[in-house]
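Novice: let me see the structure of the following:
(chains A and B)
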Amino acid sequence: MLLLFGARPGNAQTSTAADIAITHAKIFTLAGPPIEDGTVVIHEGKIAAVGAGVVIPPGAQVIDAKGLQVYPGLFDPVTQMGLSEIGAVNATVDTTETGSFNPDVTAATAILPSSAHIPVTRASGITEVLAAPASGGFDSRNATNLIGGQASAIHLAGWTAEEMLINKRAAMVVDWPHIETRSFDFSTFSIKEKPFADVKKEYDKQVNELADYIEQARHYAQALQNPAGAGLQRDVKLEAMAPVIRGEMPLLVFADKARQIRDAVEFCDKQKLKIILAGGTEAWKEKDLLRSKSVPVILRPTLGEPAEEDDPYDRLLTQPEELRAAGVKLAFGSFDNSFARRLGQNVANAVAHGLPYEEGLKAVTLYPAQMFGLDSQLGTLETGKTANLIVTSGDPLDVTTDVRYLFIKGQLTSTDNKQKALYEKYLNRPKAAH
Amino acid sequence: MKLRANILCFAAAFLLATGVPLSANEKSAGGAAIDPAAPVILIRNATILTVSHGTIDKGDILIKDGKIAAVGGTLKAQADAVVIDATGQFVTPGIIDCHSHIAVDGSVNEGSVSVSSMVNIADVLNSDDISIFRDLAGGVTTANILHGSANTIGGQTIVIKLRWGQPAARLPFEGALPGIKFALGENPKRSNIRLSGVPERYPATRMGVEETIRSAFTEARDYKKSWDDYNKRVAAGEKNALPPRRNLKLDPLVEVLEGKRYVHAHCYREDEILMLLRVAKEFGFHVQTFQHVLEGYKVADEIAAAGSGASTFSDWWAYKAEAYEAIPYNAALMTRRGVLVSINSDDAAEATHLNQEAAKSLRYGGLTRDEALKLVTLNPAIQLGIDKRVGSIDVGKDADLAIYNHDPLSAYAVVQKTLIDGRVYFDREKEQAGRPALEKEKKDLLEKAKKKQEEEKKAGDKKSEEKKSQGQKPEEKKSEEKKPEEKKPDDKPKPPQDLAEQGGAQ
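Specialist: As a prediction, this is how the structure comes out:
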C-alpha cells in the first residue's frame, strides 16, 4: 500500500525527498470554505499548494484520497505528554517539581520521545501538543507549585525531544492558589473541613507570595539589562521569569472557580502580564471580564462533572457556546495524556450543545495556535505552513472516525502504536485448547 | 444481612402489589411534580433501535402499564394516551451501567479487612445523590451498584433502577439476583497507596490475593457442609440436633457456591483472570462478570469457555501499571472470541455518555452497530440476569427507554427523554424550562441567609457594646463569611473511581 514510501519497520516516519500530493480529497483548510475535490502538495515539510486545480509536481508521490477528508492536525494545548507514563507509578511521572517556585524547569527537558502515549495520541489525529508541567492529569499528585515551569510545544513525532520541538518555552505555568474549605485527606481517609476565614487567609498569603515573586523578577529583569551589573548574583529561577516580565512569554494560569479566575485576570492586568486561562470550569461566571480583558480560555474536557451539585447537569457542555457568544476566545484541552485522544469527542459534545461546528474545530486547531503565537506555522491548511495534517474517513471530532493518513512536518507518520500492536498480536492468538 | 434484604424485598413487593401511588410531593429535578404514571404512552414516528431485532426506520412504540405493549408500524392508542412526537429522533433501550458507585451514602469501601462479605451496599443507598439524575440525563435507566475494590472479597452489591425522586426503598431492581464484589491486583494489595499509621494489610501480593479467596471459600465450604448436615439430620427427624453457629461473613459466600449470588470480580491482568477462573472451578462456583478486565483480550478464549461475562472500559489506560496494556479494542476482540461483553462507567460522569463509549467499538475492532449498542443495553442485562425485563425494545419488557435527537452511536447525540417503567423520569425540555424557578429559589434562599447573618452580627455587636459599657470584655465574634457552595470531596482532576475506590473516595 504505502510500501512505495519505503517505510522501514520500526520507523514511525517516512522521510522522502520527493514531494507528496494528496489528491481527490474533501479539504477543510479552515481558512475558507471546504474544497470538494482538492489536492494538497507537500514540499520539504511545508504545504506548497492547496486547492481544487492544483498541479501535481512531477516526481511527487501521490496518495489518492478519494472519499476521504483532509484537515489540519489537531492541537491539544494542555497535556502532560511525555512527562508521565503510568500515573500511579511515581518513577515514571515527571510532571510536577517540588517547591512553590520553579519557573526555570522546562517540560522539554523531561519529555520521553518514546512514550507510548505519543503514538497512541497521534493515531486519533492530534499532531501537536503543549506539554505543561504542574498541570494536573488523570492521576497526578496534588500540584503545589505556584509557578510550575515552562510548557513546551512539540510535534508528536521525532527521534529526540529536540526533533519534536516547536517552541521549547511557550508559556509559564501558574497554578493559581486554591480556596477549598473541604478536602479529601488520603492519610486519614476522611473529608476535612476548614473554616472559610482560615482558607481565605492562606489564599491571600499565597497570592501575595506570587506578587512578591513577580516583583523580585521585575527587579532582576531590570538589573539584567544594566550592563554595569557587575555585582549581580545570577539566579536561574528569576532569570527564567525575564521573558514573562518583558511580555514575551504568556502566563498559562490554571484557575477553575470564579473567584480564582477573577483574581487571576485582575492580577495579571495589574501586573501587566499576558495571561492565557486554563481550566475555566466557572468561566461563564466571569465571561464579561474575560472578554473585556481579551483573556483567551482553554477549557477542560466538557465531559467532566459540573463544579457544584446544583449546577445544571449540562453546565460544562453549554458553557463553550455561552462563552463564545459573549466574545471570549476559546480552545479545548485534554489536560491529560492517556485521555488526550478524547479531545475531538469533547469538542463534538460542545457542538451538540450549541457551539457552531467550525468554531469547535478551530478551537482545537487555529485558535490554540494563535494563543501561543504559532499560527504562522500551524492551525490551518495554507501555503507556507507546516504540513501537519490528517486524512480521515470523516468528521475528526466524532468517535467513529478513523485517521487513515497522518502527516507531521510533512512526513507520513505511522498510526501504529502499542495498542494496535497488542490488538494484532491477540487477534492472531490461536484458539486456546481446553 | 439476609433479614434486612428480605424486608427490603418485601417492602418493594408490597408497594408494587398494592400500586401505591407516588406522593404529590415527589419532584423531579426540574422542580415540577413527576407526571403520575400515565397508563398509556405512544411514542410516535421514531427510528427504533430495538437491539434484539434490528432497526425500525419510522415506527411507533406503545406503552401500557409500564411495559412495552407494541413496537413498530403506525400504532393506534386510546384518546387519552400521552403522545410523544419522536419525529427525527432515535429510541434505544435504556442504558444499563454494569459498574457504578452512584447513590451510595459515604464510602463505597469497608476497607478495614480483606474479606468484608458481611457488608452490603444496599444498606447505604442514597436516593438524593445528584449523580442519579445526571446519569438519567445520559440515558441510563439501570445500574449495578458495587462495593469498591479495596478488598479481595468485598461487600454485597445490588442492581437499581434510576428512579429519581423516589425513596431509596424503591430503587432496587425487583427480582434481580444480588451480587458480591471481588477485587484482584493492585487495589486490594494496596500497591499504590500508603496509609499513615495503618500497618500493612494482608494480602500484599497477588499470591496472597489468591490465598485469601481460597481460604475464605474453604471456610465457606466447610460452613455450608455443617449446615447441610444439620438440615439433613433435622429432616430425618432428629430432635436434639444443635445448629451450627451463624456466620454472616460466610453466608454470602455460601450463596455464591449455591449459584444464588453473582460474583463481580474487578481484575486487570491476564494472570489474575486465569487465577480466579481456576479457583472458581476448583470450588465449584461461577464468576458472573469480570469487571474492568482490561487484559481480557489476552485470555478471551478462557473467559468465553467458562461462560463468564466481561464488563470493561472503552478506552481508559495507563493510570496504573496493570492498566498499561489496556487497549480500546478490548470489547471488540473479546466479543469476537465469544465473550459476552459490556462497557461500563465506574464513574458518575462517564456514565452520562456510555452511548458514545459504545460507539468507539465501531472504530476499534469493527463491531456492527447492533453489537456496539448491545454493549450498553442487552449484554449488561444478560450479565445481571435481568434480560427478561430490560435490555431491548421488545413487547412485554419494561418500558425503560432513552430518546435521542441524533444517532446515539455518535458524540453529537443528546438525550431528550429517559423513561423507566413507562414513566418519563427525565425530560430535557421540561428540565430546562424549570431552571429559572430553581435559580430564583436559590437566590431567595441566599438572600434570606445573608439577611439572617447580618441580623445576628448586629445583635452580636450590640451585645458586645453593652458588655463593654458595663466593663466586660466583648465576646469573641465568629467571623463567618458565607461559605462557598459545598464542593464534593474529589477535586479536579478526578481520579478514576477504580483508583479512588481504594481510598474510599466517593
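Novice: and the helices in the stretch 151-300 of chain B?
Specialist: Under the criterion DSSP state H, counting those that start in this stretch, helices of the stretch 151-300 of chain B are mapped to B:206-235, B:251-257, B:270-283, B:300-306.
Novice: mind giving me the domain ranges of chain A?
Specialist: A:1-73+A:379-434, A:74-378 (automatic domain parsing).
Novice: what about the first one, distance to the chain center?
Specialist: Between the centre of domain A:1-73+A:379-434 and the centre of its chain there are 21 Å (Cα atoms, centre = their mean, to the nearest Å).
Novice: can you tell me the number of residues neighbouring A:Glu424?
Specialist: As a burial measure, A:Glu424 scores 11 neighbours (other Cβ atoms under 10 Å in any protein chain shown). For the C-beta atoms, the positions are set from N, CA and C on the backbone; glycine is no exception.
Novice: bridged to the residue of the stretch 51-200 of chain A found nearest chain B, which residues?
Specialist: Proximity of the stretch 51-200 of chain A to chain B (Cβ to the nearest Cβ) peaks at A:Phe184, 3.9 Å away. Assessed by DSSP bridges, A:Phe184 has beta-bridge partners A:Ile191.
Novice: so it touches A:Ile191, yeah?
Specialist: Yes - using Cβ atoms under 8 Å, A:Phe184 is in contact with A:Ile191, at 5.8 Å.
Novice: neighbour count winner among the two?
Specialist: A:Phe184 (20 against 14).
Novice: let me see the domain layout of chain B.
Specialist: B:34-93+B:391-445, B:95-390.
Novice: show me which residues of the stretch 251-400 of chain A sit near chain B.
Specialist: With Cβ under 8 Å from any Cβ of the partner chain as the criterion, the stretch 251-400 of chain A meets chain B at residues A:256-257, A:259, A:279, A:281, A:300, A:303-305, A:307-310, A:312-314, A:335-339, A:341-342, A:344-345, A:348-349, A:351-353, A:397-400.
Novice: narrow those residues to those in helices?
Specialist: A:259, A:344-345, A:348-349, A:351-352 (DSSP state H).
Novice: which among those residues gets closest to chain B?
Specialist: A:Ala348 (3.6 Å).
Novice: who's in contact with the closest one?
Specialist: Counting by Cβ atoms under 8 Å, 6 or more residues apart in numbering or on different chains, A:Ala348 touches A:360, A:395, A:397-399, B:410-412.
Novice: so which of these belong to strands?
Specialist: Using DSSP state E to define strands, no part of the contacts of A:Ala348 is located there.
Novice: are any of those residues buried, and which?
Specialist: Buried members of the contacts of A:Ala348, scored by 16 or more other Cβ atoms under 10 Å in any protein chain shown, are A:360, A:395, A:397-399, B:410-412.
Novice: identify the single longest helix in chain A, thanks.
Specialist: Chain A, longest helix under DSSP H: helix A:196-225.
Novice: out of the buried ones among the contacts of A:Ala348, which one sits closest to B:Thr55?
Specialist: B:Ser410 (14.5 Å; Cβ to Cβ).
Novice: where's B:Val376 relative to chain A, distance?
Specialist: 13 Å (Cβ to the nearest Cβ, to the nearest Å).
Novice: residues touching that residue, list them.
Specialist: B:95-97, B:342-343, B:354-355, B:357-358.
Novice: quick check: pLDDT value at it.
Specialist: The model reports B:Val376 with a pLDDT of 98.
Novice: residues near A:Pro195, how many?
Specialist: A:Pro195: 14 neighbours (other Cβ under 10 Å).
Novice: got phi/psi on residue 413?
Specialist: The chain I'm using is chain A. A:Thr413 adopts backbone torsions of phi -120, psi 130, taken as degrees, to the nearest 10.
Novice: from B:Arg194, how far off is the closest residue to it other than its chain neighbours?
Specialist: Leaving aside its sequence neighbours, A:Thr413 sits nearest to A:Leu406 (Cβ to Cβ, 6 or more residues apart in numbering or on different chains; 4.5 Å). In this structure, A:Leu406 and B:Arg194 are 41 Å apart, going by Cβ to Cβ, to the nearest Å.
Novice: circling back to that earlier point, may I have the beta-bridge partners of the residue nearest to A:Thr413?
Specialist: A:Ile390, A:Thr413.
Novice: can you give me the neighbour number for it?
Specialist: Applying other Cβ under 10 Å, we find 27 residues neighbouring A:Leu406.
Novice: so where's chain B uncertain?
Specialist: B:1-38, B:471-506 (pLDDT under 70).
Novice: apply 50 and report the result again.
Specialist: Chain B contains residues with pLDDT under 50 at B:1-34, B:474, B:476-506.
Novice: repeat that for chain A.
Specialist: Using pLDDT under 50, chain A drops low at A:1-7.
Novice: quick one: the helices in it?
Specialist: Secondary structure of chain A by DSSP H: the helices cover A:107-110, A:117-122, A:161-164, A:196-225, A:236-245, A:258-271, A:287-292, A:315-325, A:343-352, A:357-362, A:366-371, A:418-427.
Novice: show me the contacts for the closest residue in space to A:Leu317 that isn't next to it in sequence.
Specialist: Using Cβ to Cβ, 6+ apart and skipping the chain neighbours, the partner closest in space to A:Leu317 is A:His353 (4.2 Å). Residues in contact with A:His353 (Cβ under 8 Å, 6+ apart) are A:302, A:314, A:317-318, A:320-321, B:414.
Novice: and with 10 Å instead?
Specialist: A:302, A:314, A:316-322, B:412, B:414 (Cβ atoms under 10 Å, 6 or more residues apart in numbering or on different chains).
Novice: to what extent is the closest residue to A:Leu238 other than its chain neighbours buried, counted in neighbours?
Specialist: Nearest non-adjacent residue to A:Leu238, counting by Cβ to Cβ, 6+ apart: A:Tyr220, 4.0 Å away. A:Tyr220 has 20 neighbours, counted by other Cβ under 10 Å.
Novice: check the gap between A:Tyr220 and chain B for me.
Specialist: For A:Tyr220 relative to chain B (Cβ to the nearest Cβ), the value is 34 Å.
Novice: show me the contacts of B:Val376 that map onto helices.
Specialist: Counting by DSSP H, the contacts of B:Val376 place B:354-355, B:357-358 in helices.
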